[in-house]
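Trainee: Sharing a model prediction with you, sequence too.
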Amino acid sequence: MHTIKEKGTVGAVEFCNAKATTLTDSITRLNNANIKRVSDKPRNSNHMANAIELKHINTFKNWYPKKKRLLP
């Protein structure tokens, strides 16, 4: 969100293209977790969300317009 506010969506896309893999890898190691990038509308078929991930994506899509508070 910081990059979107500072540089707009074009800047955010550039940031993600350059930094997403590095950030994902470092957070994975830091939290001893399995983190991956997925989408319900992937441009790369390797990023297609599975059924469980799609359920989570749809939950967030429903919460966002209602401005509900998201808890971890």
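Mentor: Done, it's in. Numbering: from 1, shown residues only.

Trainee: ok, Gly11 - contacts?
Mentor: By CB atoms under 8 Å, 6 or more residues apart in numbering, the contact list for Gly11 reads 3-4. Backbone N, C-alpha and C define where each C-beta goes, glycine included.

Trainee: so which strand or helix has it?
Mentor: helix 2-31 (DSSP states H and E).

Trainee: List the contacts of the very next helix or strand once past that helix.
Mentor: Next along the chain after helix 2-31, taking DSSP H and E as the criterion, comes helix 51-63. Identification of contacts with helix 51-63 by CB under 8 Å, 6+ apart yields 38-40, 49, 70.

Trainee: Looking at those, which is nearest Thr3?
Mentor: Ser39 (18.5 Å; CB to CB).

Trainee: Read off the pLDDT value for the closest one.
Mentor: What the model reports as pLDDT for Ser39 is 93.

Trainee: Pull the contacting residues for it.
Mentor: Contacts of Ser39 by CB under 8 Å, 6+ apart are 47-49, 57.

Trainee: Can you tell me which of these has the most neighbours?
Mentor: Scoring the contacts of Ser39 on neighbours with other CB atoms under 10 Å, the highest-scoring entry is Ala49 at 18 neighbours.

Trainee: give me the number of residues near Phe60?
Mentor: The burial count for Phe60: 10, using other CB under 10 Å.

Trainee: Tell me how far it lies from Ala51.
Mentor: 16 Å (CB to CB, to the nearest Å).

Trainee: Walk me through the domains of this structure.
Mentor: 1-35, 37-72 (automatic domain parsing).

Trainee: hmm, back to that, what's the mean pLDDT across the helix holding Gly11?
Mentor: 81.

Trainee: which of the residues in that helix are buried?
Mentor: Burial within helix 2-31, assessed by neighbour count using 16 or more other CB atoms under 10 Å, is assigned to 3, 12, 15.

Trainee: Correct me if wrong: Val40 contacts Ala49.
Mentor: Careful, residue 40 is Asp and not Val. Yes - using CB atoms under 8 Å, Asp40 is in contact with Ala49, at 5.5 Å.
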